[in-house]
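A.B. asks: sharing a model prediction with you, sequence too.
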Amino acid sequence: MAERSTAAVDVADNSGDEPLTAKADQSTADGVAQNREQDTESEEAQGSGGTERPGKASPPELHSGHKLARRYRLEECVTRLDGFSSWRAVDEKLRRAVGVHLLPADHPRARSVLAAARSSALLGDPRFVQVLDAVEENDLVYVVHEWLPDATELTTLLAPGPLEVHDAYQMVSQVSQAMAAAHREGLAHLRLTPGAVLRTSSGQWRIRGLAVNAALRGISSDTPQRTDTEAIGALLYAALTQRWPYEDDAYGLSGLPKGVGLIAPDQVRAGVHRGLSELAMRALANDGATASRHESPCTTPEELVKAISEMPRIRPPEPAFTAPPEYQRTTYQQGTYGRQAPRPGVTQPVATPLPPLQSRTGKALKWAVSALLIAALGLGSWQLADALMDRSKSDDNTNQTHTSDGNDKSGDKTKPVKPIKIQSAAEYVAKGDAQAPGDVANTYDGNSSTYWRTKSFIDGPEMKPSFKPGVGIVYDLGSQQTVSGASIGLLYPGDHTTITLYATDSTNSSTPLESMTKIGTVTTGGTTAKITISKKVKSQYVLLWITAMPRAAGDQYSGDGYKQAITDVKFTG
């Protein structure tokens, strides 16, 4: 079962040749409960290309409780603008919340909205909100898309202040990669604003309104890639400074002072990360000077992805250490543990200490204990002396038969293990489709919150060789290494996960499994799999092969079924 995304989608224009360009706002909210953003008409505030404003058509008279196709029940209208409306609705067939865009069939943009929704639905990228349906029925055109109840838009995240530097880095990285993938398929966003970028509860960034938002507003551009790249630069600028990089206020953010022009983020706010500041300027200043180093501007999302990859990786902040509370003396030390505290004004009786053992029985008990102690000390002294005599004899015999040349190594000392750095990795596909080839680097990036996840399978926990013998990743260790162990972090516990390591000669999936050397295997029901390799084999490439997986519940990105995700892989030599 393939993963599903929860982001809204936009569309291409009527010609189908040129992607639409637009800046997204919250008026097409599809996963946030409230819509606070005002639609900004100013091109200077949006930083986008020219817009086309066709004549307005009267919106259909709909109300809460109205049903579309006897399935989608409208619940709440979140936007009513330019002859169309956007609703939160309920899919009664699948019992889930969805978003719906509605406009009359005779609306001047109805054809382009339908075309855009259907085109973007074919992308199927989990980083975008998925279009679920695009229909013309009963003089209405409606587009149904996924709803993100757990997502927070960037506008809301920026309300208290700028993002933490690692969050800003993750945002620009994930958004740039997603838009680069969309442009490779001929789709543009063109309304990529803080209201169109969402962060889910798992920390992943999602984009809504790919092509559809632009089609709803009749926006197009002659340079869609540059428009989307500048929009990503504006998002990063806002994330670093809590300011919109144009003179007009927009999206709940204050603009730059009048007449100063475009200045770098690190000149707007102290403490801004230098590398991210320059990256924002390279994306924004496509017609003139860039950041202080005067590096070449980025005019496409692909160039922006390349620029990000050349930056040093920004690590997440270390968790704050909370000092333990100061030691406080309790009533246990005063001999009153478990007793009620004395009431004011009440004198508590003092317990009389017990008398020493002065009776005949007490004296006999003391003599018995003393005798036992004396006997134990004598026995222990005799055994110690006997052991020392044996040790002396053993040393004498050893000195007579063993001669050291100064080069002996103690057999009792174990060889220390050392970590082996993973250079690269590639998904190994023995049969059928790949799982998530773009996410394999998440398994050795040092960040346990990122992962590579398999698809969801109906049968399990053991995989069916006739359909899919297994799934896995081949790791390149850079050179011939003797692997002594592996530690593998897993996302899903339960049932059992079976992992086998093989030594192979390349990362190519054309190498058959039968020709590889099996070096270790483990089955676990937890979230960590440790493999100790007794058979020492030197190899540059190691295949991590999964043949059984636990059953896990579905979420907004992955369906219910037998599946597993790898968070961290570490090899030792």
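C.D. replies: Thanks, I have the structure now.
A.B. asks: now name the helix or strand holding the residue lying closest to A307 once chain neighbours are set aside.
C.D. replies: Once flanking residues are discounted, A307 sits nearest to C298: 5.6 Å by CB to CB, 6 or more residues apart in numbering. (Each C-beta comes from the backbone N, C-alpha and C, glycine too.) If you go by DSSP states H and E, C298 is not part of any helix or strand.
A.B. asks: how near is C298 to N138?
C.D. replies: 46 Å (CB to CB, to the nearest Å).
A.B. asks: ok, these two, which is more surrounded?
C.D. replies: Set side by side, C298 and N138 show more neighbours around C298, with 27 against 10, by other CB atoms under 10 Å.
A.B. asks: which SS class is S120?
C.D. replies: Assigned by DSSP: H, G, I helix; E, B strand; the rest coil, the conformation of S120 is helix.
A.B. asks: from A211, how far out is it?
C.D. replies: Separation of S120 from A211 (CB to CB): 5 Å.
A.B. asks: between these two, which is the more surrounded one?
C.D. replies: Higher neighbour count among S120 and A211: A211, with 35 against 32, using other CB under 10 Å.
A.B. asks: how much space separates that one from D228?
C.D. replies: From A211 to D228 the distance is 11 Å (CB to CB).
A.B. asks: and for those two, which residues touch both?
C.D. replies: 188-190 (CB atoms under 8 Å, 6 or more residues apart in numbering).
A.B. asks: ranking by neighbours, what's the top pick from the residues you listed?
C.D. replies: That'd be H189 among the shared contacts of A211 and D228, by other CB under 10 Å, with 36 neighbours.
A.B. asks: how close does that one get to P224?
C.D. replies: Going from H189 to P224 by CB to CB gives 8 Å.
A.B. asks: repeat that for T517.
C.D. replies: From T517 to P224 the distance is 50 Å (CB to CB).
A.B. asks: what of D248?
C.D. replies: D248 is 23 Å from P224, by CB to CB.
A.B. asks: repeat for G218
C.D. replies: 15 Å.
A.B. asks: could you do T511 as well?
C.D. replies: Counting by CB to CB, the separation of T511 from P224 is 41 Å.
A.B. asks: ok so, going back, how about the contacts made by the residue nearest to A307?
C.D. replies: Contacts of C298 (CB under 8 Å, 6+ apart): 229, 233, 279, 282-283, 286, 304, 307.
A.B. asks: what ranges does this structure have for its helices?
C.D. replies: 43-46, 110-121, 154-157, 165-184, 212-217, 224-241, 265-268, 274-284, 301-309, 360-401 (DSSP state H).
A.B. asks: among those helices, which is the most enclosed?
C.D. replies: Stretch with highest mean neighbour count among these: helix 212-217 (a mean of 33; mean count of other CB atoms under 10 Å).
A.B. asks: now for the most centrally placed residue in the chain: which residues touch it?
C.D. replies: Nearest residue to the geometric centre of the chain (CA atoms, centre = their mean): T450, 4.1 Å. T450 makes contact with 439, 442, 567, according to CB under 8 Å, 6+ apart.
A.B. asks: try Y562
C.D. replies: 456-461, 549-552 are the contacts of Y562 under CB under 8 Å, 6+ apart.
A.B. asks: what sits closest to it if chain neighbours are left out?
C.D. replies: Here the residue nearest Y562, using CB to CB, 6+ apart, is G460, at 2.9 Å.
A.B. asks: so what's that neighbour up against?
C.D. replies: With CB under 8 Å, 6+ apart, G460 has these contacts: 495, 548-551, 561-562.
A.B. asks: now do 10 Å
C.D. replies: Neighbouring residues of G460 by CB atoms under 10 Å, 6 or more residues apart in numbering: 495, 548-551, 561-564.
A.B. asks: which of those residues fall in strands?
C.D. replies: If you go by DSSP state E, these have 548, 551, 561-562 in strands.
A.B. asks: closest to K67 out of the residues you listed?
C.D. replies: Closest to K67 out of these is G561 (31.0 Å), distances taken as CB to CB.
A.B. asks: the closest residue to that closest one other than its chain neighbours and R70: what is the separation?
C.D. replies: The shortest distance from G561 to any residue other than its chain neighbours is 3.2 Å, reached at S456 (CB to CB, 6+ apart). Taking CB to CB as the measure, S456 falls 29 Å from R70.
A.B. asks: which of those two has more residues huddled nearby?
C.D. replies: S456 (19 against 8).
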